[in-house]
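A.B. asks: Okay, predicted coordinates and the sequence, questions at the end:
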Amino acid sequence: MTQKPLQIAILGSTGSIGRQTLEVIDEHPGRFQVEVLTAHENASLLIRQALRYKPNTVVIGNEKYYGKVSGALSGTDIKVFAGQKSIEQIVRSREIDMVLVAIVGYAGMRPTIEAIRARKRIALANKESLVVAGHIISPLVVQNKVELIPVDSEHSAIFQALTGENPERIQKLILTASGGPFLDKTAEELKHISLEESLRHPNWSMGAKITIDSASMMNKGLEVIEAKWLFGIPIERIEVIIHPESIIHSFVHFIDGSLKAQLSTPDMRYPIQYALSYPDRLKNTFQHFDFKDYNKFSFRQADMQKFRNLALAFEAGKAGGNAPCVLNAANEVAVAAYLAKKISFLALPEVVEYCLQQIPFEKNPDIEALEDCHQHTVRTASEFIKKNY
């Protein structure tokens, strides 16, 4: 019997994860079919992707590009929509088997929730959804009996290590981090870091926002909070360890003292493919890991004094409530300002810490309260930057 192709909606198809997902799909003709592509404002690339992969529907989030996209695709059968609401609505389409959420930042939360409510299988590459609203999303996943498969390499590693294991036998989770481009810089040297240096990650090819988050260690902090909700493990039992080679993507430490880890070359196509094909494993032509290429693996403790963002993320994750929402929103504003060269590298945690101190704590916010908190934090962070830098 011929297997029916898995119909996939890629939310954020023009970003780094979205583009690499299409490379994975190219590896396996007939196994996957692109049903929906969405982008925020990279209309030109979205058009090229649509003409190549011929999805049923494309959505451009920024409505001012609707005319450009619809005009370019007018000679095809591809349906074109625009706006954030359209992205949220399209995931309900009956034709979609799996939704890969690769939208960066807070904007991915609503589409993720809608995909869960529509009972779609989800490959989650948007960590911010669980960071901000894990207390809402996790029960929704259980209630709707949805398969939610992590795409982040660290969470994919833990997900794979836990296959066949009893979660009650977990002692702790250990997330590995490369340490980013400034691992061996002193605190004094960090005062003079340039944007260009921050964007040169030693191991991974990622979008600008995630690359800056990796350099400041905020990315790892967000992953700690995400792991809490994905695997039901309290923050106190989640650890971060620096592994500069980025071959071991994370460990699970069990109560009997044994550890399980997942290894591969630092290539996001591996966890993407695993999420798309789970529980199957597919052959590919990617560069496979070979022990002969590495004469050592090294590890060291994460320096939370030098990388203050990681400490702030642990604090927000332990506090819960709306604190992770504040953390995430303040960081998004700070990173945007840094990318625009309005603030220095060391100002990133200053903005986040200020907002965590200023925004009132709310223990159990609903979606509307989180929306308000996000907007309040964005305004607070923006005003703080304008006044102080």
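C.D. replies: Cool, the structure landed.

A.B. asks: and residue 260, how many neighbours?
C.D. replies: Per other CB atoms under 10 Å, the neighbour tally for residue 260 reads 16. Heads up, the C-betas are built off the backbone N, CA and C, glycines and all.

A.B. asks: And the nearest residue to it once chain neighbours are set aside, how close does it get to residue 202?
C.D. replies: Nearest residue to residue 260, sequence neighbours excluded (CB to CB, 6 or more residues apart in numbering): residue 161, at 4.0 Å. Applying CB to CB, to the nearest Å, the value for residue 161 to residue 202 is 25 Å.

A.B. asks: if you count what's nearby, which of these two comes out ahead?
C.D. replies: Shown here are residue 161 and residue 202; by other CB under 10 Å, residue 161 has more neighbours (21 against 15).

A.B. asks: Let me see the contact set for the closest residue in space to residue 101 that isn't next to it in sequence.
C.D. replies: Of all residues not flanking residue 101 in the chain, residue 126 sits nearest, at 4.5 Å (CB to CB, 6+ apart). Going by CB atoms under 8 Å, 6 or more residues apart in numbering, residue 126 touches 12, 101-105, 108-109, 112.

A.B. asks: rerun at 7 Å
C.D. replies: Applying CB atoms under 7 Å, 6 or more residues apart in numbering, we find residue 126 in contact with 101-103, 108, 112.

A.B. asks: Can you tell me which of these lies closest to residue 279?
C.D. replies: residue 101 (20.0 Å; CB to CB).

A.B. asks: Which single one of the contacts of residue 126 is nearest to residue 150?
C.D. replies: The closest of these to residue 150 turns out to be residue 101 (CB to CB; 10.7 Å).

A.B. asks: in which helix or strand would I find the closest residue to residue 234 other than its chain neighbours?
C.D. replies: The spatially closest residue to residue 234, leaving aside those adjacent along the chain, is residue 228, at 6.7 Å (CB to CB, 6+ apart). Secondary structure from DSSP states H and E places residue 228 in helix 218-231.

A.B. asks: ok, now how distant is residue 240 from residue 360?
C.D. replies: From residue 240 to residue 360 the distance is 29 Å (CB to CB).

A.B. asks: who has more neighbours, the two?
C.D. replies: For residue 240 versus residue 360, neighbours defined as other CB under 10 Å are more numerous around residue 240 (24 against 8).

A.B. asks: excluding its backbone neighbours, what's nearest that one?
C.D. replies: Spatial nearest neighbour of residue 240, excluding adjacent residues (CB to CB, 6+ apart): residue 302 at 4.7 Å.

A.B. asks: Also residue 229?
C.D. replies: residue 134 (3.3 Å).

A.B. asks: Got the phi and psi for that neighbour?
C.D. replies: Main-chain torsions, residue 134, degrees, to the nearest 10: phi -60, psi -30.

A.B. asks: these two touch, right, it and residue 231?
C.D. replies: No - using CB atoms under 7 Å, residue 134 is not in contact with residue 231, being 11.1 Å away.

A.B. asks: Let me know the next secondary structure element after the helix holding residue 228.
C.D. replies: Moving toward the C-terminus from helix 218-231, the next helix or strand (DSSP H and E) is strand 238-242.

A.B. asks: buried ones in that next one?
C.D. replies: Using 16 or more other CB atoms under 10 Å as the burial criterion, the residues of strand 238-242 that qualify are 238, 240-242.

A.B. asks: In TSV, list those residues along with pLDDT and distance to residue 81.
C.D. replies: Below are those laid out as TSV (pLDDT from 0 to 100; distance: CB to CB, whole Å):
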residue	pLDDT	distance to residue 81
238	98	39
240	98	40
241	98	44
242	97	44
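
A.B. asks: what's the most distant pair in those residues?
C.D. replies: So, the buried residues of strand 238-242 by CB to CB: farthest apart are 238 and 242, at 15.0 Å.

A.B. asks: Domain parsing of this protein, as residue ranges.
C.D. replies: Using automatic domain parsing, the domains assigned to the chain come out as 6-150, 153-309, 321-389.

A.B. asks: end-to-end on the last one?
C.D. replies: So that's domain 321-389. Its start and end residues considered, domain 321-389 measures 30 Å (CA to CA, to the nearest Å).

A.B. asks: To residue 315, which of the domains of the chain lies closest?
C.D. replies: Comparison of the domains of the chain against residue 315 by CB to CB identifies domain 321-389 as nearest, at 7.5 Å.

A.B. asks: average pLDDT for that closest one?
C.D. replies: Here domain 321-389 scores 97 as its mean pLDDT.

A.B. asks: one step back: and the gap between the residue nearest to residue 260 and residue 309?
C.D. replies: On the measure of CB to CB, residue 161 and residue 309 end up 26 Å apart.

A.B. asks: and the residue nearest to residue 229, how many residues sit next to it?
C.D. replies: 19.

A.B. asks: ditto for residue 97
C.D. replies: 16.

A.B. asks: Then residue 232?
C.D. replies: 11.

A.B. asks: pLDDT wise, what is the residue lying closest to it once chain neighbours are set aside at?
C.D. replies: Setting aside the residues directly before and after it, residue 232 is nearest to residue 167 in space (CB to CB, 6+ apart), at 6.6 Å. We have a pLDDT of 93 for residue 167.

A.B. asks: residue contacts, residue 59?
C.D. replies: Residues near residue 59 by CB under 7 Å, 6+ apart: 38, 81-82, 86-87, 90.

A.B. asks: would you list the residues you listed in CSV and tack on pLDDT?
C.D. replies: Shown next, in CSV, are these (pLDDT from 0 to 100):
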residue, pLDDT
38, 98
81, 98
82, 98
86, 97
87, 97
90, 97
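
A.B. asks: Tell me the most packed of those residues, by neighbour count.
C.D. replies: Going by other CB under 10 Å, residue 38 tops those with 28 neighbours.
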